[in-house]
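1. When you get a sec, could you give me coordinates for this:
(one chain, ligands or ions: 1)
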Amino acid sequence: MSDHDFISGSKPIPLERGEGPSLYAKDGTEYLDAGASYACTPLGHSHPAVVEAVQEQVGELTFVDSSFPVESRENAYAALVASAPAGLESAWFCNSGTEANEAALKFARSATGNSKIIAATRSFHGRTMGSLAATWKDAYKKPFEPLAGDVEFVPYGDSEELAEAVDDETAAVILEPIQGEGGINVPPAGYLETARERTEEAGAALVFDEVQTGMGRTGEMWACQNAGVTPDILTTAKGLGNGLPVGGVVVRDWIADGAASHNATFSGGPVVTAAVHATISTLLEEEWPAHAAELGEYLTSELEAALGEEVREVRGEGLLVGIELKRGSNRVARDLALEHQILALPAGRTVLRLLPPLVIDEAEADSIVAALAEIVAPEAQAES
Ligand SMILES: *Cc1c(COP(=O)(O)O)cnc(C)c1O
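-> As a prediction, the model looks like this:
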């Protein structure tokens, strides 16, 4: 809401403090974060384990470049690789999701010697020139063209078209295991497997962008583990540092061996990696992915029961939930915020997206369901 910010849209709620899944405004009003932090706080706001790790590190050693072995950095690399599917053995840290994808596309090009990238319709991979080129929406791209070319788009979820598009000039296929920004689109069974088989046959790199789906949200640490498909390159950011700006790329050996020169000044900074280590350790030790699976199933079935015919579909996996409405999602998000103190996100014109911290409980899920029922199905609500 700064008068000096010419980019960010303003929401008239001056937030001051966060704890667990709750955000508090200056006047003390409590809001339930069901998307306000864009999946960046899987452990909830200002989680004590992360706060403590960051405070300690910032006081001890705030920054030194990534060629020095610093304990927080070493710990974060080990934790990230250990959390990833077997076969992904090396990692590199950056500062954001778009940078992680940018690196993934560069690594794929240098390891394969090819340039062609295959991406999906309705994809979102970030806003820098390379990641943007692999992003679907014209409104994000057109004003900035030409982008880093040689990207072919295939319809998301269509195995045949994908299999046909991959050939021996393909450097990479980049996919979100479930599309986030594009509307919470879950691909049909067998789609990710086809992507795996075809890229392997053609010698191309399979890149899974898990910037939104990762960090336990879908019930497994990484969404690709639900399908049992391991990519050559997995990218992450958003929840990786529980709110601190950090991204990561985890790769198979052939990608690491073939990676040409790439780096970033702030790569693996001690403070953000302290956050990464604390976040991954806490998520796994306290089994939050399993909680996300359980609560996601509860939330989804309660939404279906309460909203019924008033919505087109409730879909997703775990606590990555999309509700396809019969009306505009912006308006519903606004009513949720202003009338019910629940902060959710639109994902396209008619899809409302719920991305709560994984630590929400059943009562909080119930409050989301009740509020949505009041907004989109007021009559059904009155009858029950
Ligand atoms: C948010 C997002 C990005 C971009 O991440 P930034 O940190 O905003 O650059 C890339 N891919 C997916 C799937 C995302 O949800």
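2. Close to the ligand: what parts of this protein are there?
-> Within the chain, the residues that sit near the ligand (CB under 6 Å from any ligand atom) are 96-98, 101, 124-126, 176, 180-181, 209, 211-212, 237-238. C-beta coordinates here come from the backbone N, C-alpha and C atoms, glycine included.
3. Report the two of these separated the most.
-> By the measure CB to CB, Ser96 and Glu176 form the most distant pair in the residues of the chain next to the ligand, at 15.9 Å.
4. what about these two, which has more around it?
-> Neighbours were counted for Ser96 and for Glu176 using other CB atoms under 10 Å; Glu176 has more, 26 against 20.
5. before we move on, the earlier item: out of the residues of the chain next to the ligand, which one sits closest to the ligand?
-> Ranked by distance to the ligand (CB to the nearest ligand atom), the residues of the chain next to the ligand are led by Gly97 at 2.2 Å.
6. what's the pLDDT at the closest one?
-> Here the pLDDT value assigned to Gly97 is 98.
7. my read: it touches Ala237, true?
-> Yes: counting by CB atoms under 8 Å, Gly97 does reach Ala237; the two are 3.5 Å apart.
8. Overlap in contacts, the two.
-> Residues touching both Gly97 and Ala237 (CB atoms under 8 Å, 6 or more residues apart in numbering) are Val211, Gly247.
9. This structure - how does it break down into domains?
-> Domain assignment for the chain by automatic domain parsing gives 7-33+287-383, 48-285.
10. Just the helices from this structure, written as ranges.
-> 48-60, 71-83, 97-112, 129-133, 138-141, 159-165, 191-202, 224-227, 253-258, 270-285, 288-307, 329-340, 362-376, 378-383 (DSSP state H).
11. winner for burial among these?
-> helix 97-112 (a mean of 25; mean count of other CB atoms under 10 Å).
12. and the angle for it with helix 191-202?
-> Going by axes from the mean of the first three to the mean of the last three CA atoms, to 10 degrees, helix 97-112 is angled at 30 degrees with respect to helix 191-202.
13. and helix 97-112, how far out from the chain's middle?
-> Averaging C-alpha positions (CA atoms, centre = their mean, to the nearest Å) puts helix 97-112 17 Å from its chain's average.
14. and it, what does it pack onto?
-> Helix 97-112 sits against strand 90-94, helix 129-133, strand 170-175, strand 205-209, strand 233-236, strand 247-251, helix 253-258, with contacts defined as 3 or more CB pairs under 8 Å, 6 or more residues apart in numbering; DSSP states H and E.
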